[in-house]
Each structure stands twice: as C-alpha cells, then as structure tokens.
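Novice: give me coordinates for this.
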Amino acid sequence: MTSLPTSKMAPFFGWCVVAATFVLAIFGWGVGFYGPPIYLQMVVQRTGWSVALVSTAVTLHFLVGAAVVANLPRLYRLMGIPVVTVTGAVLLAVGVVGWSIAGQPWHLFAAALLSGTGWVAMGAAAVNAIIAPWFVRNRPAALSMAYNGASVGGVIFSPLWVMLIGSSGFAQAAIIVGISMVTTVAALSVLAFSKSPDVLGQSPDGAQSDQVVPLTAQAIAAPVPFCSLWRDRRFITLAAGMAAGLFAQIGLLAHLFSIMVPVFGSQTAGLLMGGATVSAIVGRTGIGWLMPISADRRLIASASYCVQIIGSLILLATGGQNAAVMAVGVLLFGLGIGNATSLPPLIAQVEFDRADVSRVVPLIVALSQATYALAPALFGIARTVCDPAVFILAVAIQFLAVTAFLYGRQRRLRAITRNAFHS
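Specialist: Numbering: from 1, shown residues only. Presented below is the predicted three-dimensional model:
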C-alpha cells in the first residue's frame, strides 16, 4: 500500500536514462563510427600498407557490426542490457588498441572484428533498445536527444583523436580513450542502464499506470511471425528506405570534405562540415520535439530526405563556383543527417506491435549498416568520372529512399483503416 505513493513522488527516471544514453552515443559514434577513417590514415602512415588493404579492414568493421546488431535482441535476453553494453565497450576498446599496434595484416583484420562487434552495442539499435522501455508518446523527443550524442561524438572525437595521436602516438591515444570509455560506460550501466520502469515502479513517460495509452497505430498492429517479416511490405519498405537514405548520406559525406577543400580551403571546409553536424542536431531535435503524436512519420521522413535532395541539387548546380550557395547546400543536406537514423525506429514504433519493434529495429539497422559499408567505395568510383557525379548519385539514391517510404505509407494507411473497420 505504501509503494504507490512512493512511485508518485519519485522523479521520473527516464530522462536520466536519456542523458546516460546521450553520453553512451558520444563514445559509441566517436570511437566506433567517426574513428575508423582516422584509424585508416594512421595505420597507412605507420605501416606503409596500401589504402585498399586498410580500407578493407574498415569495411569489415562495419560488416561484422551489421551481423552482430541483428542479434542484439537475443543477446539482451541472454545477458541483459548492462552486461552487453559494457562488453561492447571493452571489445571496442581492445579492437582500437589492436588497430594501433597491428604488425601484420591479419592482426588488423582481427582488430576490425573486435571493434566492429563492440561498437554496435553502443550504436543506433542499442540506443533505441535502452530508451524504448521508458517512453511511448515522448519517444520522438527522447530518441532525438539521445541520438544527438552521435553528432556530438563526431564533433568531439574527430579533433580529439588527431590531437591525442599527435601528442602521444596512436597506441597511447587508443589506450587513453579506451580506458575512459570502458570506465564511463561501466558507471552508466550500473547507475542507469540496470534500471527499468518495472524495477522503479514507474510507467513509460512518467505517467501513472492507469494513464498509459498506447499509440493508436500500435494498438491496431498485429504481431508478425518472424518468417513472415521478410514478406511484410511495411518492413521491406522501411528497411529499404533507411538503407538507401543512409547509403546516399554516408557515401556523399565520405567525399564532401575533399570536394569542398579546393573552394574553401581546408580550415573553412572543416568548419563547414562542423556546421553540417550542428544542422543535423537542429533538424533531429526540431522533429523530435515538434512532431505531433498523430503525425504520419513516413511522410516526415520523406520530407527530410527531400530537404537533403534540395541540398544535393544546390551543390550540383553550383559546380564549385559559388562558395556562399555551396554553404547553403551543405547546411540543407545536414538538416536530414540525424533524422536518417532517428526516424526509422519511430516509424517502426507506430507500425508494428510493441513486441515486434524490438526485432524490427535491430534488423533494419543491420541491413542499413551492411549496405552503407560499401557506400564510400561506390561514390569513389562515381567520383572518378567527375566530382558532380557524386551529387547525382546521392540524389538518385535518396529519391529511391523517398519512394520506399511513400509506398509503404500507402499500404500502411489502407491496412490500418481496414483493421480499424473490422475491429
């Protein structure tokens, strides 16, 4: 009889989990996503191995991560989120140290297996899994705040890696970052990730148990057997849209800096890339906080990609001749960078049964990661034709992403209407 007043008086712990997940994302993306391009350059300089060889290790890092992230729900059930998260941080730290001391190519590939396995436990699917139990109606805002840690990770760690490596060497820098990361993640796991709404006697969004109302679309959605998921149009179009959007985005970003250097110079081009990251935070936060609960999230995702398409077309139209207009194009493209990661899990939230979401999100993230691992290489081939070809390719692939989202939207609306009529 005394537990109910206590739960009413206790502050809602979900926003503490969001803050902890924000820090987790800083390390996850800063070390596991933005780090590999820097590791590549450092390994090539230290060993004299070919760029092609070391690039293959980077690709392996992302591909093995795709295989692991698809199995995250099973790992969470077996070991729990705190243990999986700390284990991921340890594997990532050991893997990066392996990158820094590799003396033979097989050492490098072994390190890539470890780092790729570890970082996905701190990546997009992990962030969604940690946040999901705490939020239903406020999940867009909560996820946008947590995922912003990914962008901040790029802002912090890209220059931090260069500074630490320059002052202490690659191996020492990897040890410093690794120890800091594992210590921080272990503390977050004990203080935040080990908690759940049930343990604390709280309900999602901080509501009282009798006030919790599921999202309308989620209440209508029926569970989908795993074998049928791969034939489900909602899943196929969602996975295709996310994969295509991230492929275009990461492929273009991999080459955008070097394309801008002749126009702006290295320093200004770097600042402009930072501006794209800030733009990504603005775009993700704005949608997360302002999107109505009843909004069609596929339509919003399509609109976000359309803004990026406009940015790409502006960059294509300038032909490298107008610096001010190019800056506008980069910032418009940046507005959608964060939404490419945060909106697909939010679409899954309203289109699938709650139990299915924990399977759907890791699968679409895994498929996207396996796809975008090849993006820099394909865009590099396009660039051998001419620099504008990368913008044309980005627009074409983003158009495919918009098409996939809109096609799934039509089917979704018919299915929801039909189910609502028969219920």
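Novice: from the contact counts, what lies against the one helix or strand residue 19 maps to?
Specialist: Element membership of residue 19, judged by DSSP states H and E, is helix 14-32. Judged by 3 or more Cβ pairs under 8 Å, 6 or more residues apart in numbering; DSSP states H and E, helix 14-32 is in contact with helix 81-101, helix 105-119, helix 124-131, helix 139-168, helix 170-188. The way it works is simple: take the backbone N, C-alpha and C, and place the C-beta from them, glycine included.
Novice: which of those helices has the highest mean neighbour count?
Specialist: Burial of these is given as mean neighbour count (mean count of other Cβ atoms under 10 Å); helix 124-131 ranks first at a mean of 26.
Novice: pop the domain breakdown of the chain in here.
Specialist: Split into domains by automatic domain parsing, the chain comes to 12-204, 216-422.
Novice: in contact with residue 272: list those residues for me.
Specialist: 260, 264, 327, 330 (Cβ atoms under 8 Å, 6 or more residues apart in numbering).
Novice: just the buried residues out of those, in ChimeraX syntax.
Specialist: What follows is the ChimeraX syntax for the buried subset of those, where burial is set by 16 or more other Cβ atoms under 10 Å:
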select :260,264,327,330
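Novice: now distance to residue 99 too, for the contacts of residue 272, in a markdown table please.
Specialist: Converted to a markdown table, the contacts of residue 272 look like this (distance: Cβ to Cβ, whole Å):
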| residue | distance to residue 99 |
| --- | --- |
| 260 | 28 |
| 264 | 30 |
| 327 | 34 |
| 330 | 30 |
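Novice: any idea how far residue 114 is from the residue lying closest to residue 269 once chain neighbours are set aside?
Specialist: Nearest residue to residue 269, sequence neighbours excluded (Cβ to Cβ, 6 or more residues apart in numbering): residue 260, at 4.1 Å. Distance, residue 260 to residue 114, using Cβ to Cβ, to the nearest Å: 34 Å.
Novice: can you check residue 296 too?
Specialist: Distance from residue 296 to residue 114, by Cβ to Cβ: 41 Å.
Novice: where does the stretch 301-423 of the chain dip in pLDDT?
Specialist: Low-confidence segments of the stretch 301-423 of the chain (pLDDT under 70): 410-423.
Novice: the stretch 251-400 of the chain: strands as residue ranges?
Specialist: Counting by DSSP state E, counting those that start in this stretch, the stretch 251-400 of the chain has no strands at all.
Novice: from the contacts of residue 272, pick the one nearest residue 151.
Specialist: residue 330 (14.8 Å; Cβ to Cβ).
Novice: how near is the closest one to residue 192?
Specialist: Distance, residue 330 to residue 192, by Cβ to Cβ: 35 Å.
Novice: before we move on, what about residue 90?
Specialist: From residue 90 to residue 192 the distance is 18 Å (Cβ to Cβ).
Novice: tell me the contacts of residue 139?
Specialist: With contact taken as Cβ under 8 Å, 6+ apart, residue 139 is in contact with 131, 132, 346, 349.
Novice: cutoff 7 Å now
Specialist: 131, 346, 349 (Cβ atoms under 7 Å, 6 or more residues apart in numbering).
Novice: what does whatever helix or strand residue 77 lives in rub up against?
Specialist: Using DSSP H and E, residue 77 sits in helix 72-79. Contact with helix 72-79 is made by 84, 125, 126, 129, 358, 359, 362, as judged by Cβ under 7 Å, 6+ apart.
Novice: tilt between that helix and helix 81-101?
Specialist: On the basis of axes from the mean of the first three to the mean of the last three Cα atoms, to 10 degrees, helix 72-79 is oriented at 110 degrees to helix 81-101.
Novice: starting at the chain centroid, how far to helix 72-79?
Specialist: Between the centre of helix 72-79 and the centre of its chain there are 20 Å (Cα atoms, centre = their mean, to the nearest Å).
Novice: now the angle between helix 124-131 and that helix, please.
Specialist: 50 degrees.
Novice: hang on, the earlier thing: weakest of the helices and strands packed on helix 14-32 in terms of mean pLDDT?
Specialist: Lowest mean pLDDT of the helices and strands packed on helix 14-32: helix 139-168, a mean of 89.
Novice: next, the angle from it to helix 170-188.
Specialist: Using the same axes, to 10 degrees: helix 139-168 against helix 170-188 is 150 degrees.
Novice: how about the helices and strands packed on helix 14-32, which one is nearest residue 315?
Specialist: Counting by Cβ to Cβ, and looking across all of the helices and strands packed on helix 14-32, nearest comes helix 139-168 at 20.1 Å.
Novice: one step back: work out the gap between the helix holding residue 19 and the centre of the chain.
Specialist: Its chain's C-alpha centre and that of helix 14-32 lie 12 Å apart, by Cα atoms, centre = their mean.
Novice: helix or strand right after that helix?
Specialist: With elements assigned by DSSP H and E, the helix or strand that comes after helix 14-32 is helix 35-47.
Novice: average pLDDT across that following helix?
Specialist: 86.
Novice: elements contacting whichever helix or strand comes after that helix?
Specialist: Moving toward the C-terminus from helix 35-47, the first helix or strand encountered (DSSP H and E) is helix 51-69. Based on contacts counted as 3 or more Cβ pairs under 7 Å, 6 or more residues apart in numbering; DSSP states H and E, the elements that helix 51-69 packs against are helix 35-47, helix 105-119, helix 354-372.
Novice: list the buried residues of the longest one.
Specialist: Residues of helix 354-372 classed as buried: 356-372 (neighbour count, 16+ other Cβ under 10 Å).
Novice: angle of it against helix 51-69?
Specialist: 170 degrees.
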